[in-house]
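Enquirer: structure of the sequence below:
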Amino acid sequence: RAGDCFVLEFENKHCILIDCGYYITYREELKPLLQKLAQKGCRISLMIITHVDEDHILGAISFLEENGDAAHPQIIQVDEIWHNGIFNTIMNSEWFRRREAENVSEETVRKYEVICGILKKQMQGEGGTISALQSRMFEEICARYQYRVNGRFDKGCVVKDKSCCFGDCEIQILSPGMTELQKLQKMLDRELIRTFGKDYLWKRTEEFEELLTLMAFYQGKDEPGAFTRQQIAAGTRDIREWIGTSNLAQMNEINCASIVVAIRYRGLKLLFMGDSESELWKERIEPEYDLIKVSHHGSTKPNLAWMEGTRAKKLLISTNGGNYRHPEDDFLARIMMGEFEELYFNYDIQRKPVILAMQEKYHFKAEFRKREIILDCAVEEEWTN
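Expert: Residues are numbered from 1 along each chain as shown. The predicted structure is shown next:
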């Protein structure tokens, strides 16, 4: 399946869940795995939803709805959730609260509704409407079932330069910083000024919350097909020709606000990037990791900075389907020719024959559709998609 979903299972029966993919990911793969873990006496010590795109968050909606009350879970115990949603970051920020008013005119409320309708129509068929509404729903579900969300962070936002320990496991947050979150705020501020004028005020209503979410996704949506400058014949065997074929498309504000974490456990070092831009946090990258989950399904631009000076034993590439041409040929060439021992793809991709043919020449091993990875210190890692 497309999307991101990872479960890290540790020897002490504590687990970390990072993203939940789509609904079908949860139904067919994640739910059975969580039930199996619960039967073994495991718990989710930490659940991270890296950002609000649908291929990361839709499965999380289904999971928490079925899991129910945090104190009496129906599937598995979830101790803590990290998530920078639209409402717990933007609407609660000091910058945005200064615009809040007790009352706004009926004309303004009607304008909320009209613009919402326009945005929904423009976003039909692109998945954007679904993403916007579901990201709002995720925050509502967390509140309804009383899950602990961002409880250890002073301003209620998950931000860089903070380390947290869960038993033997240490998690360092590499990104986002307040700068990335503020860029998302400023993007929305510009749209609201353009729509309502420079002195606009807002009221905490369902209509305004829906408008704000739709604006965020409309401005931040990816453009299908924006990544590859040219198609190379499928039979090409000189992968060096693939270098330089990417348009190096920039990541949008939503992707750049992804939560990026480095995890240490008994000598192992793991890195999970969400869909972030590694240029933003490259100074925090270590020269070597045991496992890296690459950014944005293997598109080239967000991965360039970390690839310049970092090697890894294992790379996880969660692809996003053929419509968006992920992973890019440029990126694939770089990882095949780079210092990476094992490449894991969550399902078969167009370039699979070429990748398999290059294994001996460039000294790497490629795996497709493999769901479970065992790391050296007996940490078991389940990878769903």
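Enquirer: which intervals of the stretch 51-200 of the chain have sub-threshold pLDDT?
Expert: Confidence mapping of the stretch 51-200 of the chain against pLDDT under 70 gives the ranges 122-134.
Enquirer: can we see that at 80?
Expert: For the stretch 51-200 of the chain, applying pLDDT under 80 flags the ranges 86-95, 118-136, 155.
Enquirer: all strands for it, in order.
Expert: 81-83, 163-166, 169-175 (DSSP state E, counting those that start in this stretch).
Enquirer: need the winner for burial among the ones you listed.
Expert: strand 81-83 (a mean of 23; mean count of other C-beta atoms under 10 Å). Using the backbone N, CA and C atoms, a C-beta is placed for each residue, glycine as well.
Enquirer: could you point out which element follows it?
Expert: helix 86 (DSSP states H and E).
Enquirer: quick one: the helices in the stretch 201-350 of the chain?
Expert: Assigned by DSSP state H, counting those that start in this stretch, the stretch 201-350 of the chain shows helices spanning 206-220, 253-256, 304-307, 329-337.
Enquirer: out of the ones you listed, which comes closest to residue 343?
Expert: helix 329-337 (6.2 Å; C-beta to C-beta).
Enquirer: now the closest one: buried residues?
Expert: 329-337 (16 or more other C-beta atoms under 10 Å).
Enquirer: can you tell me what sits against that helix?
Expert: For helix 329-337, contacts defined as C-beta atoms under 8 Å, 6 or more residues apart in numbering pick out 228, 232, 239-240, 242-246, 294, 298-300, 303, 307, 315, 317, 343, 351, 355, 358, 362, 364.
Enquirer: pull out the buried members of those.
Expert: In those, burial by neighbour count holds for 228, 232, 239, 242, 245-246, 294, 298-300, 303, 307, 315, 317, 343, 351, 355, 358, 364, counting by 16+ other C-beta under 10 Å.
Enquirer: so which of those residues are in strands?
Expert: 315, 317, 343 (DSSP state E).
Enquirer: circling back: let me have the strands of the stretch 51-200 of the chain in CSV, extended by distance to residue 207.
Expert: What follows is these, written out as CSV (distance: least, C-beta to C-beta, whole Å):
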stretch, distance to residue 207
strand 81-83, 24
strand 163-166, 37
strand 169-175, 33
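Enquirer: for residue 44, find the nearest of these.
Expert: Residue 44 sits nearest to strand 81-83 of all the strands of the stretch 51-200 of the chain, at 9.0 Å, using C-beta to C-beta.
Enquirer: run through who's touching that closest one.
Expert: Residues contacting strand 81-83 (C-beta under 8 Å, 6+ apart): 46-49, 138-139, 142, 147-150, 158, 259.
Enquirer: if I pick residue 270, what's in contact with it?
Expert: Residue 270 neighbours (C-beta under 8 Å, 6+ apart): 8, 262-264, 289-292.
Enquirer: any idea what it is bridged to?
Expert: residue 263, residue 291 (DSSP bridges).
Enquirer: isn't residue 62 right up against residue 27?
Expert: Yes: using C-beta atoms under 8 Å, residue 62 makes contact with residue 27 at a distance of 6.9 Å.
Enquirer: neighbour count: those two, which is higher?
Expert: More neighbours surround residue 62 than the other of residue 62 and residue 27, with 21 against 14 (other C-beta atoms under 10 Å).
Enquirer: quick one: contacts for that one?
Expert: 20, 23, 26-27.
Enquirer: let me know the distance separating residue 359 from residue 239.
Expert: Counting by C-beta to C-beta, to the nearest Å, the gap from residue 359 to residue 239 is 12 Å.
Enquirer: circling back to that earlier point, of the strands of the stretch 51-200 of the chain, which is nearest residue 197?
Expert: Of the strands of the stretch 51-200 of the chain, nearest to residue 197 by C-beta to C-beta is strand 81-83, at 32.1 Å.
Enquirer: so what's the backbone phi/psi at the nearest residue to residue 139 once chain neighbours are set aside?
Expert: Excluding its sequence neighbours, the residue lying closest to residue 139 (C-beta to C-beta, 6 or more residues apart in numbering) is residue 85, at 4.4 Å. Reported as degrees, to the nearest 10, the phi and psi values for residue 85 are phi -80, psi 170.
Enquirer: from residue 26, how far off is residue 85?
Expert: 19 Å.
Enquirer: neighbour count winner among those two?
Expert: For residue 85 versus residue 26, neighbours defined as other C-beta under 10 Å are more numerous around residue 26 (26 against 23).
Enquirer: what's around the closest residue to the more buried one other than its chain neighbours, how many residues?
Expert: Residue nearest to residue 26 in three dimensions, not counting chain neighbours: residue 59, with 3.5 Å by C-beta to C-beta, 6+ apart. As a burial measure, residue 59 scores 28 neighbours (other C-beta under 10 Å).
Enquirer: repeat for residue 64
Expert: Residues near residue 64, counting by other C-beta under 10 Å: 23.
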